[in-house]
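**Student:** What follows is a predicted structure for the sequence shown.
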Amino acid sequence: MKLLLHSLFLLLAFETQARTHSCDVVIVGGTPAGITAAIAAAREGKNSVILERSAHIGGLPANGLGATDIATRGATAGLFARFIALNKAYYESRYGADSPQARDCSDGYRFEPAVAQRTFERMLAEAGPGKITVLTGRQFDAEARYVVKKGDRIVSIRVLDRTTGREEHYSGAMFIDATYEGDLGAAAGVPFRTGREGAGEYGEPCAGKIYRWWKHGPDADGTTYEGDDAIQAYNYRLCLTDDPQNRLAIPRPERYDREEYVSLVGDVLDGRNTDARYRKADSAAMARNRRRIESGERTAAPGDVWGMAKITSMTRLPNAKTDANNQHLALISTDLPEENWPWPTADWAWRDRFAERLRDYTLGLLWFAQHDEALPAHFREACLQWGLAADEYRDNGGFPRQVYVREGRRLEGCYFFTAGDALPEAEGKRPPLHPASVTASHYALDSHAVRKREAGRVHLDGFFSHPTAVYTVPYGVMVPRRIENLLFPAAVSGSHVGFSTLRMEPCWMALGEAAGTAAALAIDSRKDVRGIPTESLQERLLRHGAMLVYLRDLKADDPDYARVQRLALRGFFPEWEAGLDRVLDGETARLWSTLAGREITADGTTTRREWLRRITTNQFLKPN
């Protein structure tokens, strides 16, 4: 009996130990931001664990977002550039540099979901053995009781192993919330925002309630610019193909409601769409379009598209696949506004129910477009050319495994990013320059709808796209004001409009890289995340080719790359080019003299590069 009790005691002790884990950095979320955070921490000598709820890592790029959302290629570098380079290398190695696949990958910026996952796995492997542990099926619930804190410092978190049903404890020196929802930050007590600010709060374009013709206006009736609690819509980024050898038929979902989709019939016949050109269409034009379609021809309405493109915006990927997103020109598409509003703060049981509802809605829409006899036969035939890619998501019937959570909580950090941080200060100029920048980035201010179709409105409430210029992102957007050992590179600090440009995977990957580096620096210096020297963080990032300030003609392999980046943060390059091998001109000499606190002369022969080397090697520069 004593032996049996002793054996049971040892077994319980072993199980308790197996469920308790400690490492340098604990990362919640196997998103691209979480992956780059782990890699960056590893190269600084720190070990980490990635806790991912699903069975697969990679976030949205591994779940259909294969057309990279970046407006200026080269604006974001570092580990994101490595990701792109590995994608390109995969297609060229497997199919040949002159193959259609290599062409369609667009230098690695367009990729199949499975290739994205493979690339992330390779990047994790490159970090070296024993540095990064990836655990899937680990669920963190955003409740305070699952976070153990000592004062303003997180000691450990409790996570559910979804396979065994057991609770696991993870302790670490640093914690990184890489979830799209900001779950860990919220549970740790970081204040957060959801919904939309009004235009009057920060003076931002596109803020609040807005009905806008696509793409850049004008704003129409119903627009008030008032703030509210609405959340922009989610969808699935579908991987569709028109290759008969790899095409799965769209299944009719069990929970199918034809009435949800019947408005598409009138939209197809009238050519109705949200393009600004369509606002000139009157009832006579619509009638002409109907007659045209009823005679067997395609739509001729301004801005209108045909077939599957009417309900999905498709970007071609390698191997005859597409990244099929919501169609912004449509009043009904794969987005499902309103119903997702609870998601940011809901528990996982609710989120799972919504994910199933969104799957049924999406499949129902596609099935309706392909089979409902109220639609013109030649429209249905065009839609039937498309199906799910059979070789993607083999364990999920060819359907993406993850909802595209465009915006969850926006955790409040030491810096609050608004539209003004991404808009040029004058025509042709840069946006405000952040000396504490950890990455450059570029995408439009961009939000999807928050409400479903409303009678008499030109578009869905909340849709907008507004141009920006390449901007800098300060470290403070992912740094909490109180918690000492937490960073959040995905659910970053900002307004709805400001966040709408930061929320792209290249930016999140760069912020993840900065978060992992900052975590290691905080451990080494025994400081909290607010106390680490930003210059030291920037130096470590530059060592690995990060882009802190974008210059069109500056590449990471330039021998003076880091030197130029440092000085660019201080305003030495207000224009868009470094022009290092140009002779220094008088205007630039005067600017540099002011910034350096020493006289710099334009002698007609010395290049900008030579002067920069003099400035930095001789400690010519006055301190900040």
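**Tutor:** Ah, there it is.
**Student:** these two touch, right, Leu612 and Leu580?
**Tutor:** Yes. Judged on CB atoms under 8 Å, Leu612 makes contact with Leu580 at a distance of 7.3 Å. C-beta: built from backbone N, CA, C; applies to glycine.
**Student:** Could you tell me which residues touch both of the two?
**Tutor:** 560, 564 (CB atoms under 8 Å, 6 or more residues apart in numbering).
**Student:** So which elements touch the longest helix anywhere in the chain?
**Tutor:** When the chain is parsed with DSSP state H, its longest helix is helix 348-371. When contacts are defined as 3 or more CB pairs under 8 Å, 6 or more residues apart in numbering; DSSP states H and E, helix 348-371 packs onto helix 263-270, helix 377-383.
**Student:** Just to be sure, Leu511 is in a helix?
**Tutor:** Yes. Assessed by DSSP: H, G, I helix; E, B strand; the rest coil, Leu511 belongs to a helix.
**Student:** Retrieve the pLDDT associated with it.
**Tutor:** The score at Leu511 is 98. That number is its pLDDT.
**Student:** going forward, begin numbering at 368 instead of 1
**Tutor:** Right, with 368 as the first residue, what we last looked at is Leu878.
**Student:** and Val526, which of the three is it?
**Tutor:** Classified using three-state DSSP, Val526 is strand.
**Student:** what pairs with it across the strands?
**Tutor:** Glu535 (DSSP bridges).
**Student:** Can you give me the end-to-end span of stretch 931-946?
**Tutor:** Terminal residues of stretch 931-946 are spaced 11 Å apart (CA to CA, to the nearest Å).
**Student:** Over to stretch 577-597?
**Tutor:** 12 Å.
**Student:** Any buried residues in it, and which?
**Tutor:** 577-582, 584, 586-587, 590, 592, 594-595, 597 (16 or more other CB atoms under 10 Å).
**Student:** next one: stretch 646-665
**Tutor:** 648, 652-653, 656-657, 659-660, 665.
**Student:** Can you lay out the residues you listed as TSV showing distance to Gln484?
**Tutor:** Listed next are the buried residues of stretch 646-665 as TSV, based on distance: CB to CB, whole Å:
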residue	distance to Gln484
Ala648	44
Ala652	47
Met653	45
Asn656	43
Arg657	45
Arg659	44
Ile660	41
Arg665	37
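**Student:** In helices, which of the residues you listed appear?
**Tutor:** Checked against DSSP H, these include these in helices: 652-653, 656-657, 659-660.
**Student:** picking that back up, Throw the helices and strands packed on helix 715-738 into CSV and include distance to Pro791 and mean neighbour count, thanks.
**Tutor:** Below are the helices and strands packed on helix 715-738 laid out as CSV (distance: least, CB to CB, whole Å; neighbours: other CB atoms under 10 Å):
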stretch, distance to Pro791, mean neighbour count
helix 630-637, 37, 19
helix 744-750, 41, 17
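**Student:** So which of those helices is nearest Leu725?
**Tutor:** helix 630-637 (17.6 Å; CB to CB).
**Student:** That closest one to helix 715-738, inter-axis angle?
**Tutor:** For helix 630-637 against helix 715-738, the angle by axes from the mean of the first three to the mean of the last three CA atoms, to 10 degrees is 40 degrees.
**Student:** residues making contact with helix 630-637?
**Tutor:** For helix 630-637, contacts defined as CB under 8 Å, 6+ apart pick out 639-640, 653, 656-657, 660-661, 666, 668, 677-678, 697-699, 732, 735-736, 739, 741-743, 746, 820.
**Student:** quick one: it to chain centroid distance?
**Tutor:** On the basis of CA atoms, centre = their mean, to the nearest Å, helix 630-637 sits 33 Å off its chain's mean C-alpha point.
**Student:** Convert it to CSV, retaining C-alpha atoms only.
**Tutor:** The C-alpha trace of helix 630-637 is given here as CSV (Å, rounded to 0.1, in the frame of the first residue of the first chain):
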residue,chain,number,x,y,z
SER,A,630,-30.2,40.8,-53.0
LEU,A,631,-27.3,39.7,-55.2
VAL,A,632,-29.8,38.9,-58.0
GLY,A,633,-30.7,42.6,-58.4
ASP,A,634,-27.1,43.7,-58.0
VAL,A,635,-26.1,41.4,-60.9
LEU,A,636,-28.9,42.5,-63.2
ASP,A,637,-28.6,46.2,-62.5
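**Student:** so Ala409 sits right up against Ser415, yeah?
**Tutor:** Yes. With contact defined as CB under 8 Å, Ala409 counts as touching Ser415 (6.8 Å).
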